[in-house]
Structures are given as structure tokens and as C-alpha cells.
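Participant: I would like the atomic coordinates for the input below:
(4 chains)
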Number of protein chains: 2
Amino acid sequence: MEDGTSKALGYCTGTEDDQARQWDVRADCDVRQILDRVADKWSLLVIALLDRRKMRFTQLRRAVDGVSQRMLTVTLRHLERDGLVRRTVYPVVPPRVEYELTPLGISLHEVITSLVIWTEEHQQEISAARSDYDEKAASEEHELQPAVG
Amino acid sequence: MEDGTSKALGYCTGTEDDQARQWDVRADCDVRQILDRVADKWSLLVIALLDRRKMRFTQLRRAVDGVSQRMLTVTLRHLERDGLVRRTVYPVVPPRVEYELTPLGISLHEVITSLVIWTEEHQQEISAARSDYDEKAASEEHELQPAVG
DNA sequence: CAGTATCCCTTTTGATACTG
DNA sequence: CAGTATCAAAAGGGATACTG
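Facilitator: Next up, the predicted model:
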């Protein structure tokens, strides 16, 4: 689980009969590594929290608040390994460790922001689509079971 | 599992002592729904494949190729529910079902593209960071176990 | 404080078999 | 063809206990 590079990505074998897409299938293989990081349950929160400031472990733990100690550690290690976060250890008696975004991390943060903005702008449409879908799915069921209520 | 709106998102409770971040913590709750869709192992591939053309179920299944029948169905249902993909059933003898992006789906596709581009542009840096991290992690271990090689 | 190690439960995913 | 249903395997993630 610690090694993001060795996982099998079944669909990485390129087939060139597929000229319509503009993303290279092979590019997806690389993209996946980052997407998995972005998509990670906690990574996004940590990146957002670390925007323009350093934070200590416990400080992050409280800020994210739903996260377990284990998952925060795992998340931070992944981000550090990918060069998105820098970890600084101060060799003092009560250990002090600070986390901050690297330039690469800041740059990713900006890109993710555009995705976040898109989501905010289209949230209404998505909610509407969901309600619509759920309603229709419900009436489909009524066709099979007309006498429920 | 079919209901993306009811899942618990532990970190959604907003604490306002946190003025540095520019994303609203509550926004993350909504954002998560979409991010989960974007981040999904197969969604991205399907959206990419559906760019500017209709495709049938089996056609998609072969194009994605690593995907199981079940996962493709689940993925398509999610995308359909979110209003990103339109599903059209032709009531003919061998069933014919076509999938295509909605305008909303096209719009998301464009935003995701910027993320894909970012990844392609920074892939080298990330790989380098990983090698660096792994190398350092390896030598840390040698400090504990000096006689290995 | 800032972790690591372990156990265990939940969710996700894949394989297989069956159907309109 | 385009699914649904079911079951088993695997990964993800939390709680707890321990450590430099």
C-alpha cells in the first residue's frame, strides 16, 4: 500500500484504434498516480489546510478532525513521497515536526482549486440530476410493485 | 453504495478558527461527491472515452478493458445519476444502449483535462521526488541494519 | 509530541452465474 | 446485448496499545 508506483493498472495497455480521445491512455497511467492522491479521502483536506502556512502534526490532526492518527500519518507520507509536502523535524525534546506545501504542492493546490470551483458552480445541476434520477428510479419500481403505500 | 449523498464525511463540521484556507470546509462536503466521482478508478476513463461520441456498453467494456462488467455498470449508473452521462435505450430485439456525455459531462471533462495536463507537466518532478524519498528511506534502514549488501 | 505496530471491521471490487 | 444477483477476495480505514 505504501508503493503507489507498482500497482497494476489494467487499462494501461494502449490500443490505437481509439483516435477520438485526446488523452493518451498511457498518460492515464501516470495520471492515475496523482489522481489517486488527489482523490484520497484526506489528501485534499491536508493540502487545503497547508495552504500558505506550516502546521504541526497534532495541529493538523485537530483541524482535519475526522481523521485517525494512522490515516493522517499515511496521508502525509504519501504527500511527502510525491514531493507535494515537506516534512521538517526539529530535534528538540518534545519532538516538533512541521509540514508545509512545496512549490509543487502549491501548484497542484491551484489546479485542484479549479476543480473545486467547477463543483461549486455546478452543484445545483448535479443535485437536480440526482433528484431526477432517484425519482425516476422510484417510479420504475412502482410499475413493478404498484400497491405499496 | 448506490447513494452518494448520504455517506458520512466526518470533517464536514466547520470550525471557523481556521481562516487561512480559502476553501470552505463545508464546500468540501459537496465537493467530495464530485471528487469521488472524478477520482473513481473508472469514471475518468469512461468520461475520456465518451468525449465527442456515443458508445455502446460492450464497446466501452472492451475499450476500458480492465473493467469488470459489474464495475462498468456501477460507474455508468453513477455518472448518469450525476447528470454527466446520458443513457439511451433503443427498444430493439438485441438490446441497444448508447452512452454519451451531457453538456455538464463535457464541461467536467474540460476541467479534468487541466488536471491531466498538470500531471503530465509535473510527472518528472513527482517521479524524482519518489525516487529521492525511497532512496532516503532505504539508507535510513541501512543505519539500523548496516550489513545488508 | 509524533509517531509505529497490530488487530479487526467495513467498503470496494472482481468473478461467476443467470436473465429479458 | 446489456445487464442483475450473489458471493468471495482485497483494500481501506478506525481503535487501541506501545515507543523514542
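
Participant: From what I see, residue A:119 and residue B:37 are in contact.
Facilitator: No - between residue A:119 and residue B:37 there is no contact under CB atoms under 8 Å: 9.8 Å. C-beta here means a position set from N, CA and C on the backbone, and glycine is covered the same way.

Participant: Who are the packing partners of the longest helix along chain A?
Facilitator: Longest helix of chain A, by residue count under DSSP state H: helix A:103-144. Counting contacts by 3 or more CB pairs under 8 Å, 6 or more residues apart in numbering or on different chains; DSSP states H and E, helix A:103-144 is packed against helix A:25-39, helix A:43-49, helix B:25-39, helix B:69-81, helix B:103-144.

Participant: Could you point out which residue ranges in chain A have low pLDDT?
Facilitator: A:1-29, A:141-149 (pLDDT under 70).

Participant: residues in contact with the residue most central in space within chain A?
Facilitator: The structure's chain A has its C-alpha centroid closest to residue A:39; by CA atoms, centre = their mean the separation is 2.1 Å. Contacts for residue A:39 (CB atoms under 8 Å, 6 or more residues apart in numbering or on different chains) come out as B:35-36, B:38-40.

Participant: Out of the residues you listed, which end up buried?
Facilitator: Neighbour counting by 16 or more other CB atoms under 10 Å in any protein chain shown classes B:35, B:38-40 among the contacts of residue A:39 as buried.

Participant: which one of the residues you listed sits closest to residue B:140?
Facilitator: Distance to residue B:140 across these (CB to CB) is lowest for residue B:39, with 31.2 Å.

Participant: Can you tell me how far residue A:75 is from residue A:83?
Facilitator: Going from residue A:75 to residue A:83 by CB to CB, to the nearest Å gives 15 Å.

Participant: Next to DNA strand D, which bits of chain A? Give me the list.
Facilitator: Proximity of chain A to DNA strand D, by CB under 7 Å from any atom of the strand, involves residues A:1, A:40-41, A:66-71, A:95.

Participant: 10 Å - rerun?
Facilitator: A:1-2, A:4, A:7-8, A:36, A:39-43, A:64, A:66-75, A:78, A:93-97, A:137, A:140 (CB under 10 Å from any atom of the strand).

Participant: how many neighbours does the closest residue to residue A:49 other than its chain neighbours have?
Facilitator: Leaving aside its sequence neighbours, residue A:49 sits nearest to residue A:63 (CB to CB, 6 or more residues apart in numbering or on different chains; 5.3 Å). Using other CB atoms under 10 Å in any protein chain shown, residue A:63 has 21 other residues around it.

Participant: Which secondary structure state does residue A:63 sit in?
Facilitator: Per DSSP: H, G, I helix; E, B strand; the rest coil, the secondary structure class of residue A:63 is helix.
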